[in-house]
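**Q** All I have is the shape, not the residue letters:
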């Protein structure tokens, strides 16, 4: 199995500071499996509620539209 270099970038909480980039090497059957491995322990997805929007909007969090 080939090794893949996966880079994840997280914007800094303070906009005056640079984003934080982390690199991981993942051995996987293919690129999609490598990404799935990293995503499974770093990202979670839930439906946003009205309460979530009310909590995040004052902090400047904007709604993003994903490309299809």
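**A** Happy to help now that I have it. Note that this is a predicted model, so its numbers are computed, not measured. Residues are numbered from 1 along each chain as shown.

**Q** Now for residue 24: which residues touch it?
**A** Going by CB atoms under 8 Å, 6 or more residues apart in numbering, residue 24 touches 5-6, 8, 38. Quick note: C-beta positions are derived from backbone N, CA and C, even for glycine.

**Q** and the residues you listed, which are buried?
**A** Neighbour-count burial (16 or more other CB atoms under 10 Å) applied to the contacts of residue 24 gives 6, 38.

**Q** Among the contacts of residue 24, which ones are in strands?
**A** Among those, the members found in strands (DSSP state E) are 5-6, 8.

**Q** re the thing from before, out of the contacts of residue 24, which is nearest to residue 48?
**A** Sorting the contacts of residue 24 by distance to residue 48 puts residue 8 at the head of the list, at 21.8 Å, by CB to CB.

**Q** For the residue nearest to the closest one when sequence neighbours are not counted, which three-state class applies?
**A** Nearest residue to residue 8 in three dimensions, chain neighbours excluded: residue 22, at 5.1 Å (CB to CB, 6 or more residues apart in numbering). Recorded secondary structure, residue 22: strand (DSSP: H, G, I helix; E, B strand; the rest coil).

**Q** And the one 4 residues further on, by the same measure?
**A** Of the three states, residue 26 takes strand according to three-state DSSP.

**Q** so how many other residues sit close to residue 19?
**A** Neighbours of residue 19 under the rule other CB atoms under 10 Å: 8.

**Q** Check the chain and tell me which residue is nearest its centre.
**A** Residue closest to the average C-alpha location in the chain (CA atoms, centre = their mean): residue 43, at 5.9 Å.

**Q** mind listing the helices for this protein?
**A** 31-40, 50-56 (DSSP state H).

**Q** Can you pull out the residues in contact with the first one?
**A** Helix 31-40 is contacted by residues 4, 6, 8, 24, 26, 28 when judged by CB under 8 Å, 6+ apart.
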